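> kindly return the folded structure for what I paste below:
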Amino acid sequence: MEKTYSLTAHYDEFQEVKYVSRYQSGTLPNGFALQLGAGAKKRSGGGGLPRWSRREICLLSGLVFAAGLCVILTCMLVLKYLAAEGDSYCLEGCQEKKAFLRASRFLSANMDATIDPCQDFYSFACGGWLRRHGIPEDKLVYGTIGAIAEQNEAKLRALLSRPVRRRAATSAERKVKEFFRSCLNRAEIDRLGPRPMLETQGVYSAAVLFSLTVSLDDRNTSRYVIRIDQDGLTLPERTLYLGQDEESEKILAAYRVFMERLLTLLGAEHVEQKAQEILQLEQHLANLKWKRLLDRIFHDNFSEDEEVVLLATDYMHKVSDLIRVTPSRILHNYMLWRIVVVLSEHLSTPFRDAIHELSKEMEGNEKQLELGKVCLSQANKHFGMALGALFVEEYFSSASKAKVQQLVEDIKYILDQRLDELDWMDEETRRAARAKLQYMMVMIGYPDFLLKPEAIDKEYEFEVDEKTYFKNILNSIAFSIRLSVKKIRQEVDKSAWLLPPQALNAYYLPNKNQMVFPAGILQPTLYDPEFPQSLNYGGIGTIIGHELTHGYDDWGGQYDRHGNLVHWWTETSYSKFLKKAQCIVNLYDNFTVYNQRVNGKHTLGENIADMGGLKLAYYAYQKWVREHGPEHPLHHLKYTHDQLFFIAFAQNWCIKRRSQSIYLQVLTDKHAPEHYRVLGSVSQFEEFGRVFHCPKNSPMNPVHKCSVW
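From the prediction side, this is the model:
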């Protein structure tokens, strides 16, 4: 905006200089020429009037010329000033008008105004979007947030296609672009077939019988510990191996076909027998003896007195018995299978086709992801920060970072106020909750080191070659494992980012007491600095409130201000918290989708965060209005900005899922289905019923409401 105004001003000044030059050369406007001619004729006639000397005539002509010129210049300056004022007003006013019109069209296109918002607010807010959109063939889920993902992907792919600027051997920019091209080289990958898997020796990152990670010690977050937990299943949920219903039996049958197909591609013999033996072992799942394995992985970094956090201890005890009775041949085949299933997506087309067939049966996606999208996903996974540096340089400004920071501070301020209003919390617990809020770290946009290319290079100190995609993957995995192992003796960096800045996500880490909002999620339509603030607070604001509330839900609330797993509640306050949380469990237990009941206990943390985030963002918006005054109405929409706030919140979750995806979501996801994320939140918020004038005891305004924060 500022640049456009500046160029317009310079253009007007240039035109003004040109006009002055014309007048000084004697080429006057016609009006002045006629007046001068008439005056000269009168004075030359009779009538007793005195004769004018040539000198007097010249002097008079000069005075008239000067006076006329002054009038013209004055008029031009006035017109220029008015034009500039008008342009300035239009640049600001017209731009706001365009942004508001864009927002109005977006909202109204998504809505279905024929539905009563007090009966089903989700269908009211999202009915138009649901009616107009299908699920793309290569996707399981599609929604308004999915559209933002597509915009981000297009930007990232364009950045990767640009020529390399820093060609040094250590350049992270060169590596991510060559990695991307190596993935796109499907002809070379197909030519090699299964050979990269069969010929390569190295360190793999595959959970075999258990997972082993280096992570923060929950009880002392100033250090890292080795964490061991049950793992090693290929299917996403344990109950799928049991074949308890028709859907899980179909998935289990498809998995067996998938195993046989991959083993055949790798040249194995007796594939049906091997597949059945591996499947039976996975159905029991086992573990290994720890000390010998840890010695091999951690070398000199592991000692006899090293602390290991062992989770799922009952599982671990049962594993030993299973290992004793399982032939070593089957254990060997199972371990190889786990490596194969993790890495086969990086092999030739027949392997990708087999993976797609299993995915189609499990989740319902009709078409494989286009190769460019697959390769972008891998570039994000293995070179996230290198790609993120390119993204923020082009698409996220420091001004946006500052504006979002203020929005976060407003929402934190409201939570601080809410703590005083909670009648179920005693003073001791309130002080601890407030201390946690004050210590909470907020990170927005991107880590500062991304502005320094040499610092990014150090994140990727491994070889990359355009012609060896599979080897590039293994190099990345081996490098990541080395970094993890080194952490055991390193000081914890609590400012480290878990996700790269282009990620379309946000998160709260309880063991760091840290909220992170990457640049990838701070994009239109979740956040647009030109949109009305009602939409920004209803969009990204409710997500910020959601993550903030995670610090005080049934899980995050167990960690103190330093991120340590410490019970900071008094027993009285915690007992009341649990009672209020149980109300939410019961509420969501009564929701069903495709004849599946939502698990209120499993989804409790996310439901508390949804409900709390909505309240915090709404009251933060009211604070903004008090400080800045009411916003201009959106043209063509009859709704108030308070109503638009709730509509924007609901439209975050305009989403369609395939039926198989819904089955797995209810089975495995900690989030409730999107329909109920909206209905469960707005129906329990008193302000929603008031804003939409919902009658008492209507579906969206029940008399008895659940509330924690």
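
> now the helix or strand residue 150 falls within: buried residues?
Using DSSP states H and E, residue 150 sits within helix 144-161. Neighbour-count burial for helix 144-161, counted by 16 or more other CB atoms under 10 Å, picks out 144-146, 148-149, 152-153, 155-156, 159-160. For the C-beta atoms, the positions are set from N, CA and C on the backbone; glycine is no exception.

> kindly report the same for stretch 446-458.
Neighbour-count burial for stretch 446-458 flags 446-447, 449-450, 453, 456-457 (criterion: 16+ other CB under 10 Å).

> could you check how far the most centrally placed residue in the chain is from residue 151?
Residue closest to the mean C-alpha point of the chain, counted by CA atoms, centre = their mean, is residue 504 at 2.2 Å. Using CB to CB, to the nearest Å, residue 504 is found at 10 Å from residue 151.

> what's the overlap in contacts for those two?
By CB atoms under 8 Å, 6 or more residues apart in numbering, residue 504 and residue 151 have these common neighbours: residue 523.

> show the contacting residues for the residue nearest to the centre of the chain.
Contacts of residue 504 (CB under 8 Å, 6+ apart): 145, 148-149, 152, 518, 520-521, 523.

> in terms of secondary structure, what does whatever helix or strand residue 581 lives in contact?
Residue 581 belongs to helix 571-589 when assigned by DSSP H and E. With contacts taken as 3 or more CB pairs under 8 Å, 6 or more residues apart in numbering; DSSP states H and E, helix 571-589 sits against helix 427-439, helix 604-628, helix 674-682.

> so for the following helix or strand past it, what's the average pLDDT?
Next helix or strand after helix 571-589 toward the C-terminus (DSSP H and E): strand 592-593. Mean pLDDT, computed over strand 592-593, is 90.

> quick one: least confident helix or strand in this structure?
Ranked by mean pLDDT, DSSP states H and E, the helix or strand of the chain with the weakest confidence is helix 2-24, at a mean of 30.

> among the contacts of residue 504, which pair sits farthest apart?
145 and 518 (13.5 Å; CB to CB).

> low pLDDT regions in the chain?
Along the chain, segments meeting pLDDT under 70 span 1-96, 201-205, 208-209, 285-288, 290-306, 310, 312, 316.

> list the contacts of residue 133.
Applying CB under 8 Å, 6+ apart, the residues near residue 133 are 142, 656.

> equivalent analysis for the one 4 residues further on, please.
The neighbourhood of residue 137, defined by CB under 8 Å, 6+ apart, consists of 365-367.

> go on, residue 560?
Neighbours of residue 560 in contact, by CB under 8 Å, 6+ apart: 432, 436, 513, 566, 568.

> ditto for residue 517
Counted by CB under 8 Å, 6+ apart, residue 517 has contacts 404, 408, 442-445, 506, 540, 543-544, 547.

> of the residues you listed, closest to residue 240?
Nearest to residue 240 among the contacts of residue 517 is residue 506, at 29.5 Å by CB to CB.

> where do the helices sit along the stretch 51-200 of the chain?
Ranges of helices in the stretch 51-200 of the chain, per DSSP state H, counting those that start in this stretch, are 54-110, 121-132, 144-161, 172-184, 186-192, 195-199.

> after the shortest one, next one along is what?
Spelled out, it's helix 195-199. With DSSP H and E, the next secondary element past helix 195-199 is strand 210-217.

> could you point out which element follows that next one?
strand 220-230.

> buried residues, the helix or strand following that following strand. List them.
Using DSSP H and E, the helix or strand that follows strand 220-230 in sequence is helix 246-265. Within helix 246-265, the residues that qualify as buried are 247-248, 251-252, 254-256, 258-263, 265, counting by 16+ other CB under 10 Å.

> nearest to residue 186, of those residues?
residue 265 (16.3 Å).

> ok, and which of the helices and strands packed on helix 571-589 has the densest surroundings?
When you average the neighbours per residue for each of these (mean count of other CB atoms under 10 Å), helix 674-682 leads with a mean of 24.

> may I have it exported as CSV, CA atoms only?
C-alpha atoms of helix 674-682 as CSV (Å, rounded to 0.1, in the frame of the first residue of the first chain):
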residue,chain,number,x,y,z
GLU,A,674,-15.6,-32.0,13.4
HIS,A,675,-19.3,-31.7,13.6
TYR,A,676,-19.3,-32.3,17.3
ARG,A,677,-16.2,-30.2,17.9
VAL,A,678,-18.4,-27.3,16.9
LEU,A,679,-21.7,-28.3,18.4
GLY,A,680,-20.1,-29.4,21.7
SER,A,681,-18.3,-26.1,22.0
VAL,A,682,-21.0,-23.5,21.1
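
> going forward, count from 18.
Will do, 18 is the new start, and the previous item becomes helix 691-699.

> ranges for the strands of the stretch 268-417 of the chain?
Ranges of strands in the stretch 268-417 of the chain, per DSSP state E, counting those that start in this stretch, are 325-327.

> quick check: domain ranges of this protein?
19-116, 128-174+402-708 (automatic domain parsing).

> still on that earlier bit, buried residues in the helix holding residue 598?
Neighbour-count burial for helix 588-606 flags 590-591, 593-594, 598, 601-602, 604-605 (criterion: 16+ other CB under 10 Å).

> could you do stretch 508-528 as well?
Applying 16+ other CB under 10 Å to stretch 508-528 flags 509, 511, 514, 516-521, 523, 525-528 as buried.

> gap between the two ends of it?
Terminal residues of stretch 508-528 are spaced 15 Å apart (CA to CA, to the nearest Å).

> what distance do you get for residue 617 to residue 598?
Distance from residue 617 to residue 598, by CB to CB: 10 Å.

> no no, residue 141
Counting by CB to CB, the gap from residue 141 to residue 598 is 28 Å.

> now swap in residue 506 and tell me
Counting by CB to CB - residue 506 and residue 598 are separated by 40 Å.

> can you tell me the closest non-neighbouring residue to residue 280?
Nearest residue to residue 280 in three dimensions, chain neighbours excluded: residue 288, at 4.2 Å (CB to CB, 6 or more residues apart in numbering).

> the one you found against residue 281, yeah?
Yes: counting by CB atoms under 8 Å, residue 281 is a contact partner of residue 288 at 5.3 Å.

> how far out from the middle of the chain is stretch 427-439?
The chain centroid and the centroid of stretch 427-439 are separated by 25 Å under CA atoms, centre = their mean, to the nearest Å.

> can I get the CA coordinates of it in PDB?
Extracted C-alpha coordinates of stretch 427-439, given in PDB (Å, rounded to 0.1, in the frame of the first residue of the first chain):
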ATOM      1  CA  ASP A 427      -4.900 -10.500  24.400                       C
ATOM      2  CA  ILE A 428      -5.900 -14.200  24.800                       C
ATOM      3  CA  LYS A 429      -3.400 -14.800  27.600                       C
ATOM      4  CA  TYR A 430      -4.700 -11.600  29.300                       C
ATOM      5  CA  ILE A 431      -8.300 -13.000  29.200                       C
ATOM      6  CA  LEU A 432      -7.200 -16.300  30.800                       C
ATOM      7  CA  ASP A 433      -5.500 -14.400  33.500                       C
ATOM      8  CA  GLN A 434      -8.800 -12.600  34.200                       C
ATOM      9  CA  ARG A 435     -10.800 -15.800  34.000                       C
ATOM     10  CA  LEU A 436      -8.700 -17.400  36.700                       C
ATOM     11  CA  ASP A 437     -10.100 -14.800  39.200                       C
ATOM     12  CA  GLU A 438     -13.700 -15.700  38.100                       C
ATOM     13  CA  LEU A 439     -13.500 -19.500  38.600                       C
END
